[in-house]
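Visitor: 3D model of this:
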Amino acid sequence: MFVRMSGAAMRGLLVALLIATPALLLPDVASDQSQIVVLVALLAAFLTFVEYNSNAPSIVEFRDAPPFNRVRFVALFVTVFVLTAIAKGKTDSSALTEGLASIGQIVGNTIDFPYSPVRLVVLMLPTHVSMEAISDVRVAAGLAYMISLLTLVVFAMVVRIGGWPVRNGPFNVWVNLPLFDPTAGGDVLVRLRRDARFNIAFGFLLPFLIPAVVKTTSDLLDPITLQNPQTLIWTVTAWAFLPASMIMRGIAMKRVADLIEAKRRRAYANAAAAEEEREYQAAY
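Guide: Now for the predicted structure:
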């Protein structure tokens with residue numbers, strides 16, 4: 001019990017640190033913004049502690065199947081920290097911030113080709129935005145998208161080479177998928193694969209759809225300029241992380257479906273072998 005509680009407390013602190021990172025590192029953060037960040041960080045830490053301290057999860061999927069959530073958290077933290085460091089380098093330059101900015105400039109210019117997600121993010125900005133702001137958005141979007149792609153590669157290797165999720169022990173489908181209702185109707189295997197395909201397809205399209213939707217609604221709502229550093233960090237992070245998280249969920253659900261199918265085949269083969277054994281003994 002103590003180990004579980006201490007682990008839940010550590011996870012809650014890490015989540016709070018993640019949310020507070022931009023406000024802690026960026027200069028000239030308004031007091032009202034700091035208060036809101038502290039409130040959100042404390043709330044997220046409390047919810048994380050309650051979720052991981054309970055016997056069974058309620059909303060967090062694959063809680064007992066590491067390193068699924070660890071990979072997602074590391075990717076999210078790295079994205080937020082890198083974008084925050086680059087934004088801080090605008091006023092407090094250092095070797096780290098200059099190096100990250102240079103890498104971001106190279107990556108952003110490389111990925112910024114016609115019809116790419118980074119190009120669509122740049123095009124969704126209003127026409128009156130300065131060239132410096134456009135460059136900042138390009139750098140942030142390029143780095144965030146690159147980190148999301150690397151995250152998918154790492155998780156695919158964990159699944160393919162590391163044998164996730166059964167390598168670390170038995171895998172309980174219903175505990176690790178608390179939001180999946182097995183009694184909703186239909187074959188569980190078919191539904192898992194359908195949900196997996198939907199998550200992968202929608203996750204792939206989301207980086208293209210979000211800028212298009214923002215650009216379409218800019219005539220009705222105030223256009224997003226992303227000139228505020230915290231707005232830029234969290235907007236670009238969400239734009240890159242949410243699709244990668246959905247694709248990871250789709251890959252994981254497909255893997256679970258494959259495990260269920262393999263277990264069914266073994267059960268059917270054992271049942272057929274047992275039936276043949278009974279028939280042989282009855283005949284002789």
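Visitor: got a list of what Phe81 touches?
Guide: Applying C-beta atoms under 8 Å, 6 or more residues apart in numbering, one finds that Phe81 lies in contact with Thr21. C-betas here are computed from N, CA, C, even on glycine.
Visitor: ok, then the element right after the strand or helix carrying it?
Guide: In the assignment (DSSP states H and E), Phe81 maps to helix 68-88. Per DSSP H and E, the first helix or strand lying C-terminal to helix 68-88 is helix 95-111.
Visitor: Can you give the contact residues for the helix or strand following that next one?
Guide: Of the helices and strands lying after helix 95-111 in sequence (DSSP H and E), the nearest is helix 117-123. Residues from elsewhere that reach helix 117-123 (C-beta under 8 Å, 6+ apart): 108, 111-113, 134, 137-138, 141-142, 145, 207-208, 211-212, 215, 236, 239.
Visitor: Okay, buried residues for stretch 92-108 please.
Guide: The neighbour-count check on stretch 92-108 (16 or more other C-beta atoms under 10 Å) flags 97, 100-101, 103-105, 107-108 as buried.
Visitor: And stretch 163-177, by the same measure?
Guide: For stretch 163-177, a neighbour-count test (16+ other C-beta under 10 Å) marks 164-165, 171, 173, 176-177 as buried.
Visitor: can you give me the end-to-end distance of that stretch?
Guide: 18 Å (C-alpha to C-alpha, to the nearest Å).
Visitor: Point to the helix or strand of the protein where mean pLDDT is at its lowest.
Guide: helix 173-176 (a mean of 82; mean pLDDT, DSSP states H and E).
Visitor: and the most centrally placed residue in the chain, how far is that from Asn199?
Guide: In the chain, the residue lying closest to the centroid (C-alpha atoms, centre = their mean) is Ser245, at 3.0 Å. From Ser245 across to Asn199, the span is 9 Å (C-beta to C-beta, to the nearest Å).
Visitor: What ranges does the protein have for its helices?
Guide: 2-25, 31-53, 68-88, 95-111, 117-123, 131-160, 173-176, 188-217, 229-283 (DSSP state H).
Visitor: Would you single out the least confident of these?
Guide: Ranked by mean pLDDT, those bottom out at helix 173-176, which scores a mean of 82.
Visitor: Which other helices and strands does that helix contact?
Guide: helix 229-283 (3 or more C-beta pairs under 8 Å, 6 or more residues apart in numbering; DSSP states H and E).
Visitor: Would you mind pulling up the elements that the helix it packs on packs against?
Guide: Helix 229-283 sits against helix 2-25, helix 68-88, helix 131-160, helix 173-176, helix 188-217, with contacts defined as 3+ C-beta pairs under 8 Å, 6+ apart.
Visitor: neighbours around Thr237, how many?
Guide: Using other C-beta atoms under 10 Å, the number of residues around Thr237 comes to 22.
Visitor: isn't it right up against Leu143?
Guide: No - look at Thr237 against Leu143 with C-beta atoms under 8 Å: they stay out of range, at 10.1 Å.
Visitor: what's next to stretch 1-12, contact-wise?
Guide: 44-46, 48-53.
Visitor: If we use 10 Å, what do you get?
Guide: Applying C-beta atoms under 10 Å, 6 or more residues apart in numbering, the contact partners of stretch 1-12 are 41-42, 44-55, 60, 69-70, 73.
Visitor: Take those and, keeping just the buried ones, write it as a ChimeraX select command.
Guide: Only the buried entries of the contacts of stretch 1-12 go into this ChimeraX selection, using 16+ other C-beta under 10 Å:
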select :41,44,45,48,49,51,52,53,60,69
